[in-house]
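Engineer: Generate a structure from the sequence data that follows.
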Amino acid sequence: MSEAVKIIAKNKRARHDYHIEDSVEAGIVLKGTEVKSVRLGKVQLVDSYARIEKGEVFVHGMHVSPYEQGNRFNVEPRRRRKLLLHKTEIRRLNRQVLEKGMTLIPLSVYLKRGRVKIEIGVCRGKRTHDKRRAIAERDADREMERELRRRSKDPEG
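Structural biologist: Residues are numbered from 1 along each chain as shown. Below you'll find the model as predicted:
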C-alpha cells in the first residue's frame, strides 16, 4: 500500500544553488492557524535554512502566510519553527554539518497521512561554474528531446 503524499511547496532554488548530499524527513511544530494555511498551500521556502541549536533543529526564514480567518490566533509568518527528529538523526546531521561548507536547507513541505512534514537536505554550495554546467546540461537534454520528438513525427527525417 503506497502512502499518499501531497506536496505543498518545493524549494527549487535549493537544487540549483546546492549539491544535495543527504536528506531526512522531519515533523514540524506548527500552531493551529499555521496548519490551515499550510494545507491551503501558502508556504514559501525561499531563503529558508535549518540550524541545530542546543540539540534541537529549527527552521528559519520559512514563510507561512497568515490564515485569513485566523484573526488574533495568527502568528508571525517568518518565525523560527522547531523540527521533530530523533536524537540519533540530529547527531548524524550535526556531524555532517560540521564539515566545511555543509548546511541544512529545507527542500520541500508536504502532507503525509494528514501530518505536515518537511524534507531537510544536507547541502554543499555550488560554485558558479557548477551552476553554468548544470544549466548547459539541462539545455542540451531539452534540445535532444526536442530533436527526438521532431524525428519521431517526421519519418522522412
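
Engineer: Relative to Val5, how far out is the residue nearest to Ile8 when sequence neighbours are not counted?
Structural biologist: Of all residues not flanking Ile8 in the chain, Val109 sits nearest, at 4.7 Å (C-beta to C-beta, 6 or more residues apart in numbering). Where C-beta positions appear, they are placed from N, C-alpha and C, glycine not excepted. Computed as C-beta to C-beta, to the nearest Å, the Val109 to Val5 distance reads 11 Å.

Engineer: coming back round to it: I'd assumed the residue nearest to Ile8 was in a helix, is it?
Structural biologist: No: counting by DSSP: H, G, I helix; E, B strand; the rest coil, Val109 is not part of a helix but strand.

Engineer: Now for it, how many residues are close by?
Structural biologist: 24 (other C-beta atoms under 10 Å).

Engineer: And for the one 4 residues further on?
Structural biologist: Using other C-beta under 10 Å, Arg113 has 8 neighbouring residues.

Engineer: That one and His19: what is the separation?
Structural biologist: Distance from Arg113 to His19, by C-beta to C-beta: 31 Å.

Engineer: do the same with Ala4
Structural biologist: Distance of Ala4 to His19, given as C-beta to C-beta: 30 Å.

Engineer: and what of Glu147?
Structural biologist: As judged by C-beta to C-beta, Glu147 and His19 stand 29 Å apart.

Engineer: With neighbour numbers in mind, choose between the two.
Structural biologist: Comparing Glu147 with His19 by other C-beta under 10 Å, the one with more neighbours is His19, at 16 against 10.
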